[in-house]
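[1] Build the 3D model from these lines:
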Amino acid sequence: MPFPGAWPPRSNEGLGEALTGAKLVVIPAGVPRKPGMTRDDLFNTNASIVKALVEGCAEFCPDAVLAIISNPVNSTVPIAAEILKKKGVYNPKKVCGVTTLDVIRANTFVASNLGVDPSSVNVTVIGGHAGITILPLFSQVPNFLPSPEELEALTVRTQFGGDEVVQAKAGAGWATLSMADAGYLFAENVVKALKGADHIVQCAYVESTLTDAPYFASKCKFGKDGVEEVMGYGKLSAYEQQWFDKMLPDLKKQIEKGIEFANK
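    Here you go, the predicted model:
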């Protein structure tokens, strides 16, 4: 969305025309992480951008599904939720963090290992959308039996695939096209569900009671009103449980950081 003048737009300048009547709003706005940039650097800029856009959504399309891509998603989704709560229009079924890129990466790595088409693979990825909070459940992939060394390498590569891209481009770019593809796939599925299609299930980072973290990524069933069901993640392997126990405290800290930002 083009905005004249300073950013964030003053008094939601231009947002009314862009957002009025929207059923789905995809929010990728923000700055990407570059070499040497800390997550705090990213947070301080992107949190303000997401706050301004969500305030506009609360005013002009309060019933829209929000698909938040702006990093750090673990914190920006809680920010969006808190802003909507303040405006009196929060609906947990309609605020989603897009974690599809994590699934795409996991699918690609498994497909390469098995020698099959990535479209035939669907890895469940749970947790969050940053580093060790990303947990691919490779144990649940049929006929996939990696060695312990392969499992470790694939898990870490799924968690830090974004860093790999940033480093490979030496600061000249980031995972632009793959994120665009992931955002498109997520949005397309949401639109299908909003139009009444059945059996639309995809991973998303949403308000959840599956763990003691208030937000958590897992498979979700989408329908005409957004997230119809936050689905369980099944049994974890011993290896996955170790990662789960390690990542949950980090995830909760990142969630709290977003909530504190929105309420200060």
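[2] Burial check on residue 141, number of neighbours?
    Burial of residue 141 is recorded as 19 neighbouring residues (other Cβ atoms under 10 Å). C-beta here means a position set from N, CA and C on the backbone, and glycine is covered the same way.
[3] Could you do residue 25 as well?
    The tally of other residues near residue 25 (other Cβ under 10 Å) stands at 21.
[4] OK, contacts around residue 103?
    Contacts for residue 103 (Cβ atoms under 8 Å, 6 or more residues apart in numbering) come out as 122, 123, 124, 125, 182, 202, 203.
[5] Could you find the closest non-adjacent residue to the second one?
    So that's residue 123. Leaving aside its chain neighbours, residue 123 sits nearest to residue 106 (3.8 Å; criterion: Cβ to Cβ, 6 or more residues apart in numbering).
[6] got it, and residue 62?
    residue 89 (3.9 Å).
[7] Over to that neighbour. Which of the three states is it?
    Classification of residue 89 by DSSP: H, G, I helix; E, B strand; the rest coil places it in coil.
[8] In this structure residue 66 contacts residue 97, no?
    No. The criterion here is Cβ atoms under 8 Å, and residue 66 misses it with residue 97 at 9.4 Å.
[9] of these two, who's got more company?
    residue 97 (30 against 25).
[10] Now do the contacts for the closest residue to that one other than its chain neighbours.
    Nearest residue to residue 97, sequence neighbours excluded (Cβ to Cβ, 6+ apart): residue 205, at 3.1 Å. By Cβ under 8 Å, 6+ apart, the contact set of residue 205 is 73, 74, 77, 96, 97, 98, 99, 128, 129, 215, 216, 217.
[11] looking only at pLDDT, what's the mean for the helix or strand that contains the third one?
    Think residue 77. Assessed by DSSP states H and E, residue 77 sits inside helix 73-87. Taken as a whole, helix 73-87 has a mean pLDDT of 97.
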